[in-house]
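Visitor: based on what follows, work out the 3D shape:
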Amino acid sequence: KDDVESAGNAVNHYNTYKKDYKMAADIGHNALRLSVPWSRIMPDGDTINYNELRHYKKRVKELRSNDIEPVVSLWHFSHPKWFMDKGGWVNGPVRKFDQFVREVVDFLKDDVRIWVTLNEPQGFAAVAYGAGIWPNYASGVVPYLKAEQNMVTAHKRAKEIIDSKCEKPYVGSAITYLNFVSDGSLSGHVGSFIADQIANHRFVESISDDLDFMGINYYFHNEVGMNDIENPKELENQQPHPNKLESVLKKAWRKHRIPMIVTETGTATGGKRGWYVKQSVEAMMRARSDGVPVNGYLLWTLLDCYEWHSGWGLDFGLIKADHNSTNRKV
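Guide: Here you go, the predicted structure:
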């Protein structure tokens, strides 16, 4: 968005990862998600930057040295510009993503077991290519459907590549899960059912045979009824409902029967961070005690960070991180 400030060097995690991972271990982390940006590894679409691959190999080894399980995401909204210029997920050279995956997996396979192929693919396709809100070069129903289908294909091929190169990998995709509930009216029941199917389940159903686990990214609780969807859709205006994670996990299990990892949840509401973590972990444990196979919980996020289209307006981090600096504070 034009009114969002530049990320700059963000919180400089690229250069301070050793310090940051040590802090993560000190506050009790035993698993951490990190992304390997496609744009760093294939800067022009043909050249492979092996210096960058070595950098990320050092990072997963550093996590291991701190007894932290690395959970590696292969795509988390970061596109190479050359890919965007050629059409992105709508018409771009999607096969280049296969090449990127092969290179990354070859480098990291000895130290990484848990892989996330794509982060929030169905949400990204809808918001970027459907609604045209996030960076894109085409928007509308047709671009949205084409982008989503190409991402389905990209996930399946990435899973095949990982399975062929790794011993007993655990591979999933992180899905945006919006908790739709009815306000009790007939329109609410119908609307929440339709919204739930389109937003939460269509993509998963397309790749269900190619998932070892389903990643759950949960932030929003939405009431659907006579006045359409009542709750605000922007994170900065959204009241946190960590206890609803229990029903999200139970609904996802009933629908898909796929084991899960909570790959993201969190709040940027000042003063409620500790409360949110406690409530959401308790909600997850209630789901587990009722037989839902949830195999991990990852909070968004370790450090305050630059948000995709909100800039520096939201602080999600367990660790306070100053912009464009190496300053940290728990």
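Visitor: where does the stretch 101-250 of the chain dip in pLDDT?
Guide: Low-confidence segments of the stretch 101-250 of the chain, defined by pLDDT under 70: 137, 189, 222-238.
Visitor: mind listing the strands for this structure?
Guide: Assigned by DSSP state E, the chain shows strands spanning 31-35, 69-73, 114-119, 170-182, 213-225, 228-229, 260-265, 294-297, 320-321, 328-329.
Visitor: format those strands as CSV; extra columns: distance to residue 142 and mean neighbour count.
Guide: Backbone N, C-alpha and C define where each C-beta goes, glycine included. Output for the strands of the chain, formatted as CSV (distance: least, C-beta to C-beta, whole Å; neighbours: other C-beta atoms under 10 Å):
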stretch, distance to residue 142, mean neighbour count
strand 31-35, 29, 20
strand 69-73, 28, 22
strand 114-119, 21, 25
strand 170-182, 22, 23
strand 213-225, 26, 22
strand 228-229, 25, 15
strand 260-265, 29, 25
strand 294-297, 37, 18
strand 320-321, 41, 18
strand 328-329, 46, 14
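Visitor: would JSON lines of the ones you listed with distance to residue 5 be doable?
Guide: Output for the strands of the chain, formatted as JSON lines (distance: least, C-beta to C-beta, whole Å):
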{"stretch": "strand 31-35", "distance to residue 5": "22"}
{"stretch": "strand 69-73", "distance to residue 5": "25"}
{"stretch": "strand 114-119", "distance to residue 5": "23"}
{"stretch": "strand 170-182", "distance to residue 5": "25"}
{"stretch": "strand 213-225", "distance to residue 5": "22"}
{"stretch": "strand 228-229", "distance to residue 5": "29"}
{"stretch": "strand 260-265", "distance to residue 5": "23"}
{"stretch": "strand 294-297", "distance to residue 5": "32"}
{"stretch": "strand 320-321", "distance to residue 5": "16"}
{"stretch": "strand 328-329", "distance to residue 5": "21"}
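Visitor: and those strands: which comes nearest residue 279?
Guide: The closest of these to residue 279 is strand 260-265. By C-beta to C-beta, the value is 10.2 Å.
Visitor: the strands of the chain: which one's closest to residue 12?
Guide: With C-beta to C-beta as the yardstick, what comes closest out of the strands of the chain is strand 320-321 (8.3 Å).
Visitor: that closest one pairs with which strands, parallel or anti?
Guide: strand 328-329 (antiparallel) (DSSP bridges).
Visitor: ok, and the closest non-adjacent residue to the residue positioned nearest the centre of the chain?
Guide: Ranked by distance to the mean C-alpha position of the chain (C-alpha atoms, centre = their mean), the top residue is residue 119 at 3.8 Å. Take residue 119 and drop its neighbours on the chain: the residue closest to it by C-beta to C-beta, 6 or more residues apart in numbering is residue 76, 4.2 Å away.
Visitor: where exactly do the helices run in this structure?
Guide: 13-26, 38-41, 50-65, 81-85, 88-91, 95-108, 121-124, 141-165, 186-196, 202-207, 245-256, 273-289 (DSSP state H).
Visitor: just name the most buried of these.
Guide: When these are scored by mean count of other C-beta atoms under 10 Å, the highest mean neighbour count falls to helix 121-124 (a mean of 24).
Visitor: packing partners for that one?
Guide: helix 141-165, strand 170-182, helix 202-207 (3 or more C-beta pairs under 8 Å, 6 or more residues apart in numbering; DSSP states H and E).
Visitor: now the ones you listed in JSON lines, with distance to residue 31?
Guide: Below are these laid out as JSON lines (distance: least, C-beta to C-beta, whole Å):
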{"stretch": "helix 141-165", "distance to residue 31": "18"}
{"stretch": "strand 170-182", "distance to residue 31": "12"}
{"stretch": "helix 202-207", "distance to residue 31": "22"}
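Visitor: please consider this matter closed, and thank you.
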